[in-house]
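K.L.:
Below is the sequence, then the predicted model.
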Amino acid sequence: MAKQNQGYRKDLNLDETTVDTQALNNLAGAGIAADLRIIQNNLRNTSSLAYSSNSNGFFVFPESVEAIFTNDDVVSVGTTVSIGSTTLQPSVDYYICNSNGETEFKISTTSSTSSVGVSTISISGTPSPVAFDIIRKNPVHKENLRNYIPPEVQDATGEFSWPGDLNGDFDSTSGNIDSAKYFINRKYRNFSDTTTDREIKFEGTVTSADPANLNTGLSGLGDPKSPGVFIGDTRAFSSNDQPWTETGSSLQTSSSEVSVGDLTFLGDVKIEGINPVNHASPVDVANWTHKIPVTIDGVTYYILLTQ
């Protein structure tokens, strides 16, 4: 073995090691060099986001950006930036706050864990320069490495393992997020307003609650958040109005669709307003748009109609 690879010796002091990895393995055991290479340069790792725009004090990024920074990430800027009444310096550390994890965040001079909490920096208008990077520091510390130690208390099955395919897990997580974003706007939530033009079908009883007591006074009824079930533009049970009006001996409604259960005629039935037409050939029934089932002497027939 070459003397240079046996470790560090006094007679070779200040000389360059011929093969660093072999010297480290000889000093600390086989494989230690590969272990150290994993955390080599780990305090200098960074990620960067190119400035895109700002709105209401937020740095805003397009949805095409795969990921943005999250709360309490330590960041700086690539160059001195003037934005609104604020000047950001590349030598100063800032902290991400109010991040939605997808498209926007704000920055603060202090972290959320500091004694004063978050101190949000105000930004607005067009920055100078327009093009600059927001740089996040990605150091790996001892606490991060400890997260790879299997816990003493494991799950109920007594099993513990690491993902075998991190890239695949990231892809599946991203797919789940996209699916959730798509479906969440089509679900009815009790913590957010939902507006839809789709047909709503339900079974059973519909209950409308009023936890804010907006319906207890006339002023609250005009509030857009005042709860209620509406028929047309009329709040159900808020007046004596109803969508049906009595015209002569009949009922009429402005609804474009009316559902009637079983309608039974007692006695003779007379249909007026239809001129009888005799046809020598079969009637073309291909153009009907609506039908009404009629039971005569226990046999079901259909009246074919056009609007």
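P.N.:
It's in.

K.L.:
the helices in the stretch 51-200 of the chain, which residues?
P.N.:
Along the stretch 51-200 of the chain, counting by DSSP state H, counting those that start in this stretch, helices occupy 142-146, 166-184.

K.L.:
Let me see the mean pLDDT of the shortest one.
P.N.:
Model confidence over helix 142-146 averages 82 on the pLDDT scale.

K.L.:
Repeat that for stretch 222-234.
P.N.:
Regarding stretch 222-234, the rounded mean pLDDT is 71.

K.L.:
mind checking pLDDT for the residue most central in space within the chain?
P.N.:
By C-alpha atoms, centre = their mean, the chain has its centre lying nearest to Lys181, at 3.9 Å. pLDDT for Lys181: 82.

K.L.:
ditto for the one 3 residues further on
P.N.:
Note for Ile184: predicted pLDDT of 82.

K.L.:
so who does it touch?
P.N.:
Contacts for Ile184 (C-beta atoms under 8 Å, 6 or more residues apart in numbering) come out as none. (Glycine included, C-beta is placed from N, CA and C.)

K.L.:
how close does the residue nearest to the centre of the chain get to Lys187?
P.N.:
According to C-beta to C-beta, to the nearest Å, Lys181 and Lys187 sit 11 Å apart.

K.L.:
how much space between the closest residue to Lys137 other than its chain neighbours and Cys97?
P.N.:
Once flanking residues are discounted, Lys137 sits nearest to Val74: 4.8 Å by C-beta to C-beta, 6 or more residues apart in numbering. Counting by C-beta to C-beta, the gap from Val74 to Cys97 is 12 Å.

K.L.:
The two: who's more crowded?
P.N.:
Legend: neighbour count by other C-beta atoms under 10 Å for Val74 and Cys97, higher for Cys97 (21 against 15).

K.L.:
and that one, what are its bridge partners?
P.N.:
For Cys97, the beta-bridge assignment (DSSP bridges) gives partners Lys106.

K.L.:
I'd say it and Ser108 touch.
P.N.:
Yes - at 4.5 Å, Cys97 counts as touching Ser108 under the criterion of C-beta atoms under 8 Å.

K.L.:
which residues do those two both contact?
P.N.:
Val118, Thr120.

K.L.:
distance between the helix or strand hosting Pro293 and the chain's centre?
P.N.:
Using DSSP states H and E, Pro293 sits in strand 290-296. Mean C-alpha position of strand 290-296 versus that of the full chain (C-alpha atoms, centre = their mean, to the nearest Å) differs by 48 Å.

K.L.:
cool, and stretch 51-69?
P.N.:
Remark: stretch 51-69 is offset 15 Å from the chain centroid, using C-alpha atoms, centre = their mean.

K.L.:
list the buried ones in it?
P.N.:
By neighbour count on 16 or more other C-beta atoms under 10 Å, the buried set for stretch 51-69 is Tyr51, Asn54, Phe58, Phe59, Phe61, Ile68, Phe69.

K.L.:
The closest residue to Tyr302 other than its chain neighbours bridge partners, please.
P.N.:
Excluding its sequence neighbours, the residue lying closest to Tyr302 (C-beta to C-beta, 6+ apart) is Lys291, at 4.6 Å. Counting by DSSP bridges, Lys291 is bridged to Leu304.
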